[in-house]
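J.: okay, predicted coordinates and the sequence, questions at the end:
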Amino acid sequence: MTVSRKLTFRELTTPPLSPATLAKSLRKGREWDHAYAEGQVRALLEQEAKIKAQLDTKEPLVRHNFATWDAEDGQLRYISIRGTAANSKKQKMKRSQTVVDLSDPSDKPADTKCVVIQAKN
């Protein structure tokens, strides 16, 4: 004797929420949304404050020492491009060429972008 089962799909129904439970759920949801939004704003303000502090102290935004400012007049003294060609197999620049002195009038003016491109090539 075999028993056959007829497959029937049932709709998943959830029991209706009482008005008190629904109100509590909505209130908790608003609280979570508000806390999340405050956290996002706080994180954004902290990030902006960190960037502003770096700009105010004239520190470069990159982790390595890319530029140095003169302590006397605050002018850019030199830009270090050391390491831009370090990963290539053939380094095109010599060690003495890795620093461009922007304050020496005897040197011909060098465009920083041009120097960096020369270092990479």
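T.: On my side now, so go ahead.

J.: and the biggest helix by length in the chain, average pLDDT?
T.: Using DSSP state H, we find that the single longest helix of the chain is helix 19-56. Averaged over helix 19-56, pLDDT sits at 91.

J.: tell me the helices and strands packed up against that helix.
T.: Helix 19-56 is packed against no helix or strand, with contacts defined by 3 or more CB pairs under 8 Å, 6 or more residues apart in numbering; DSSP states H and E. (Glycine included, C-beta is placed from N, CA and C.)

J.: tell me which residues of it come out buried.
T.: Within helix 19-56, no residue counts as buried by 16 or more other CB atoms under 10 Å.

J.: wouldn't Ser25 be in contact with Leu17 here?
T.: Yes: the pair Ser25 / Leu17 is scored as a contact, 7.1 Å apart, by CB atoms under 8 Å.

J.: if I look at Ala53, how far off is Glu46?
T.: Ala53 sits 11 Å away from Glu46, going by CB to CB, to the nearest Å.

J.: next: Gly29.
T.: Distance, Gly29 to Glu46, using CB to CB: 26 Å.

J.: pLDDT value on Glu72, please?
T.: Predicted confidence (pLDDT) for Glu72: 58.
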